[in-house]
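Q: What follows is a protein structure lacking sequence information:
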Ligand SMILES: NC(=O)c1ccc[n+]([C@@H]2O[C@H](COP(=O)([O-])OP(=O)(O)OC[C@H]3O[C@@H](n4cnc5c(N)ncnc54)[C@H](OP(=O)(O)O)[C@@H]3O)[C@@H](O)[C@H]2O)c1
């Protein structure tokens, strides 16, 4: 077990080139905390935006700053008040205050849940922010069997989870994507529609009945489209709504019990094969800048994740991986 490690930091607002590694000794936990050796951690667009200073009014940073909202790992130390999590427990967590892109993270014990054996490290590492966002948005719509819901960017990190949660609620789901994702969406029961000119008519043709809800992950002209399709404003979730949800979950503090409840539910669904979270790119930690570059292309199918430790993974054996991630993984010794 490593005693020292490294963390990603940046000293000013800027793009991915501002990221650099600093040495990180293993932290000591406060009384109510656990120290987790991070095995895998997810990447999210909002981390790019925050680093670039796009939200410096809502989420101002103190420098040097760290990032990373989602992680999975092994509990290596615990504070004196922590009784219910054993040393050596495999956990999924949310990084209260950020900093999951590191070898170690100290978090309140309430911010982690047990990782079921049926949830792989890379899926667990990328689960929190995309999962909680998708869960919260789909739950807020109270979908049921009478619903037809359109979901944009349906194969993306958040969209593919929303699709499956909406279907689990009984709704019929129409998802926008490029043709390369049609087979994937069909395979999970979603009707795929190519985005771009003529989208409204393609949705009408696919729906056969009125569209009752609309989740717009991607933004653009979709508010108008939702209205044109006759969706009630109360059942439209814009990309700005989604941003608010992401900020709410990124800033969830140690008193907030909801993130752990949602993580537990999602992990259980994955373990019971009710939800399948895809990994679009799985990068060694040293390649975190390349991983962010991959994410910024906005053509992920599922989540982009970095692995701090060598992880036994299907990544070499025919999973879908972006070309960049595949070239890096295949070049590993
Ligand atoms: N985090 C935030 O602050 C925030 C908030 C709201 C919205 N968003 C945006 O929402 C999008 C999805 O988020 P995510 O986290 O799921 O990202 P992601 O994992 O990077 O997903 C990107 C998805 O966007 C799809 N896409 C690309 N161009 C599109 C277009 N013109 N119209 C519709 N879909 C398109 C891609 O589908 P194909 O590969 O099939 O083309 C891909 O599946 C991202 O573009 C993100 O920037 C982010």
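A: Perfect, thanks for sending it. Because the structure is a prediction, the values reported are computed rather than measured. Numbers count the residues shown, from 1 in each chain.
Q: which residues of the stretch 201-333 of the chain fall in helices?
A: Assignment of helices within the stretch 201-333 of the chain using DSSP state H, counting those that start in this stretch yields the ranges 222-228, 239-250, 258-271, 288-296, 323-331.
Q: out of these, which comes closest to the ligand?
A: When the helices of the stretch 201-333 of the chain are compared by Cβ to the nearest ligand atom, helix 239-250 sits nearest the ligand, at 3.7 Å. Where you see a C-beta, it was placed from the backbone N, CA and C, and this is true even at glycine.
Q: Now the closest one: average pLDDT?
A: Across helix 239-250, pLDDT averages out at 96.
Q: quick one: buried residues of it?
A: Using 16 or more other Cβ atoms under 10 Å as the test for burial, helix 239-250 gives 239, 242-243, 245-247, 249-250.
Q: would CSV of the residues you listed with distance to the ligand be doable?
A: Formatted as CSV, those follow (distance: Cβ to the nearest ligand atom, whole Å):
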residue, distance to the ligand
239, 4
242, 4
243, 4
245, 9
246, 5
247, 8
249, 11
250, 9
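Q: near the ligand, which residues of the stretch 101-250 of the chain show up?
A: Taking Cβ under 6 Å from any ligand atom, the part of the stretch 101-250 of the chain that reaches the ligand is made up of 152-153, 155-159, 176-178, 181, 195, 217-219, 239, 242-243, 246.
Q: Looking at the residues you listed, which are in strands?
A: Of these, the ones assigned to strands by DSSP state E are 176-177.
Q: Show me which of the residues of the stretch 101-250 of the chain next to the ligand are buried.
A: Of those, these count as buried by 16+ other Cβ under 10 Å: 152-153, 155-159, 176-177, 181, 195, 217-218, 239, 242-243, 246.
Q: just to revisit the earlier point, turn the helices of the stretch 201-333 of the chain into a markdown table, including distance to residue 33.
A: Shown next, in a markdown table, are the helices of the stretch 201-333 of the chain (distance: least, Cβ to Cβ, whole Å):
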| stretch | distance to residue 33 |
| --- | --- |
| helix 222-228 | 42 |
| helix 239-250 | 19 |
| helix 258-271 | 14 |
| helix 288-296 | 25 |
| helix 323-331 | 33 |
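Q: mind listing what the residue in the chain that the ligand sits nearest to touches?
A: In the chain, the residue found nearest to the ligand is residue 156; the distance is 2.3 Å by Cβ to the nearest ligand atom. Contacts for residue 156 were tallied using Cβ atoms under 8 Å, 6 or more residues apart in numbering; they are 217, 298, 300-302.
Q: As JSON lines, these with distance to residue 234 and pLDDT would be great.
A: Converted to JSON lines, the contacts of residue 156 look like this (distance: Cβ to Cβ, whole Å; pLDDT from 0 to 100):
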{"residue": "217", "distance to residue 234": "19", "pLDDT": "96"}
{"residue": "298", "distance to residue 234": "28", "pLDDT": "93"}
{"residue": "300", "distance to residue 234": "30", "pLDDT": "91"}
{"residue": "301", "distance to residue 234": "31", "pLDDT": "93"}
{"residue": "302", "distance to residue 234": "30", "pLDDT": "95"}
